[in-house]
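Student: Below: sequence and its predicted model.
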Amino acid sequence: MCGPARITTALMIPKLSQNVFLASRLNHGWRAFTLVELLAVLTVLAVLLSLLLPVLGQAKGAAKSAVCLNSLAQLGRAMTLYGNETDERYPPAFLYRGMAFQDGLELPVTPTQGYLHWSNLLVNNGLASSASFRCPAFERGGLAPANTTPDNLDAGQANETAGLVDDQVPRCAYTVNQALCSANHFVAGFQGAFRACRTASAASVQAPASTILATEWATDWRLTAGSGRVCRSYLPVHGFVGLGPAASADRSDSRFFGCPRPCFASLRRLSPLELAAQPQAGTVGLSRLDWVGRNHNRKLGPLGSRTSNFVFADGHAVNATIFDTLQPFQWGAQFFSLTPGDDVAD
């Protein structure tokens, strides 16, 4: 009998010791959380989270802006390298595919074969990669071409010409300054143009550090489409408006910059007061600068105070508001890609 009794007593000792230990810890202040205390902790956590999320969002936005700024700076350098191979001339913003000159005429007169974009010229010459044209501020990296594959179209978008795919990177977040990078009317009279375009030379830009070369698109493709369904991401932007005959036409269309006969001035610099504070798709009479992205520093609130990235003809890139680029004017001392010379109204 002594043996089993000793075993039973020995087995009970640890349990007794455990109870004494728990009682001792409870006597020294250990207790469960009350419901009120738990709610207080959750409230504090919620407040901290609400303070942290905007900071994280701003940091994420700043990181996206930095990526876009770096990509744009790379493209600025690529355009300089392109000029090294083309007599120091900037690439045209776009051409109609199959462009040719015959009997003083420029053909084709409509883009029935699609577009050849400046991005294609840089990529095909090994000066930039397709990825360089993307910006993470855009949901899909950038805007689609006017003619692209069905899977690359955004909601509501349609190709300009069915069955075509333009010579343009699939997604492009950036556009060029037309004052430096010409449009495609190289013969006066082409599509009613009063003046011919020319491929502008870097040497003609006397203040490259204060002359914008390229910038970002707005993320909404509908701004370039007007009332249609075609994303016109092949177009360049610029900071000028037309005078004279252009006053009754599209004041931002460089085809109408000039006069059928010599005149004192055919264009002028855009005023900050002429920019839309909140550009809306389908609005008639938009200046080309209303298409420039206001994609960064969203914490500043309204579109008018948000910023875009710009690269200048000397290669440096900055983040600024679109209004900053007009005070002082940074879109060119003249419209270098038009001929003849300078006729900007002061």
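Tutor: All right, it came through fine. All figures in this text were calculated on a predicted structure; none of them were measured in a lab.
Student: make it CA atoms for all contacts and neighbour counts henceforth
Tutor: OK.
Student: in the chain, which spans are helices?
Tutor: For the chain, the helices defined by DSSP state H cover 2-27, 35-84, 118-124, 222-225.
Student: Worst mean pLDDT among the ones you listed?
Tutor: Sorting the helices of the chain by mean pLDDT places helix 2-27 lowest, at a mean of 47.
Student: which residues in this structure form strands?
Tutor: 94-96, 100-102, 105-107, 115-117, 174-176, 196-197, 212-216, 240-242, 267-269, 308-312, 317-320, 338-339, 344-345 (DSSP state E).
Student: Now render those strands as a markdown table, adding mean pLDDT and mean neighbour count.
Tutor: Shown next, in a markdown table, are these (pLDDT from 0 to 100; neighbours: other Cα atoms under 10 Å):
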| stretch | mean pLDDT | mean neighbour count |
| --- | --- | --- |
| strand 94-96 | 97 | 22 |
| strand 100-102 | 94 | 9 |
| strand 105-107 | 94 | 16 |
| strand 115-117 | 98 | 23 |
| strand 174-176 | 98 | 27 |
| strand 196-197 | 92 | 24 |
| strand 212-216 | 98 | 29 |
| strand 240-242 | 91 | 25 |
| strand 267-269 | 92 | 22 |
| strand 308-312 | 97 | 26 |
| strand 317-320 | 96 | 19 |
| strand 338-339 | 87 | 22 |
| strand 344-345 | 87 | 16 |
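Student: Mind putting those strands into a markdown table with distance to Thr86?
Tutor: Shown next, in a markdown table, are these (distance: least, Cα to Cα, whole Å):
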| stretch | distance to Thr86 |
| --- | --- |
| strand 94-96 | 16 |
| strand 100-102 | 18 |
| strand 105-107 | 21 |
| strand 115-117 | 16 |
| strand 174-176 | 18 |
| strand 196-197 | 16 |
| strand 212-216 | 17 |
| strand 240-242 | 26 |
| strand 267-269 | 28 |
| strand 308-312 | 19 |
| strand 317-320 | 23 |
| strand 338-339 | 18 |
| strand 344-345 | 27 |
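Student: what's the closest of these to Asn159?
Tutor: strand 115-117 (12.0 Å; Cα to Cα).
Student: contacting residues for Thr161?
Tutor: 112, 114, 147 (Cα atoms under 8 Å, 6 or more residues apart in numbering).
Student: er, Arg198 I mean
Tutor: Contacts of Arg198 by Cα under 8 Å, 6+ apart are 182, 186, 337-339.
Student: do Glu274 as well
Tutor: So Glu274 contacts Ser287 (Cα under 8 Å, 6+ apart).
Student: now do the one 3 residues further on
Tutor: For Ala277, the contacting residues are 303-304, by Cα under 8 Å, 6+ apart.
Student: same deal with the one 5 residues further on?
Tutor: Counting by Cα under 8 Å, 6+ apart, Gly282 makes contact with 222-223, 225-228.
Student: One more: Gly83?
Tutor: 89-91, 202.
Student: Of these, just say which sits nearest to Tyr174.
Tutor: Closest to Tyr174, out of all of the contacts of Gly83 and judged by Cα to Cα, is Pro91, at 14.3 Å.
Student: My understanding was that the closest one contacts Met79; is that so?
Tutor: Yes - Pro91 is in contact with Met79 according to Cα atoms under 8 Å; the separation is 7.2 Å.
Student: Of the contacts of Thr161, which is the most crowded?
Tutor: Asn147 (27 neighbours; other Cα atoms under 10 Å).
Student: Next one: it from Val230, what distance?
Tutor: 8 Å (Cα to Cα, to the nearest Å).
Student: any common contacting residues for those two?
Tutor: 159-160.
Student: In the protein, which residue is most central in space?
Tutor: Glu216 (2.9 Å; Cα atoms, centre = their mean).
Student: so it sits right up against Val292, yeah?
Tutor: Yes - in this structure Glu216 lies within contact range of Val292 using Cα under 8 Å: 5.9 Å.
Student: where do the contact lists of the two overlap?
Tutor: Ser308.
Student: Could you list the alpha-carbon positions for stretch 164-184 in CSV?
Tutor: These are the backbone C-alpha positions of stretch 164-184, laid out as CSV (Å, rounded to 0.1, in the frame of the first residue of the first chain):
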residue,chain,number,x,y,z
LEU,A,164,-3.7,48.5,-88.6
VAL,A,165,-1.1,48.6,-85.9
ASP,A,166,1.0,51.8,-85.7
ASP,A,167,4.8,51.9,-85.6
GLN,A,168,4.7,53.1,-82.0
VAL,A,169,5.5,51.5,-78.6
PRO,A,170,2.4,49.7,-77.2
ARG,A,171,2.2,52.1,-74.3
CYS,A,172,3.5,55.6,-74.3
ALA,A,173,3.3,57.9,-71.2
TYR,A,174,5.3,60.8,-72.9
THR,A,175,4.9,63.3,-75.6
VAL,A,176,7.2,65.8,-77.2
ASN,A,177,7.2,69.6,-77.7
GLN,A,178,6.2,70.3,-81.2
ALA,A,179,8.2,73.5,-81.3
LEU,A,180,11.2,71.2,-81.4
CYS,A,181,9.8,68.0,-82.8
SER,A,182,7.9,68.7,-86.0
ALA,A,183,4.5,67.4,-87.1
ASN,A,184,4.2,65.7,-90.5
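Student: Figure out how far that stretch is from the centre of its chain.
Tutor: Counting by Cα atoms, centre = their mean, to the nearest Å, stretch 164-184 is centred 12 Å from the centre of its parent chain.
Student: Then stretch 251-258?
Tutor: With Cα atoms, centre = their mean, you get 24 Å for stretch 251-258.
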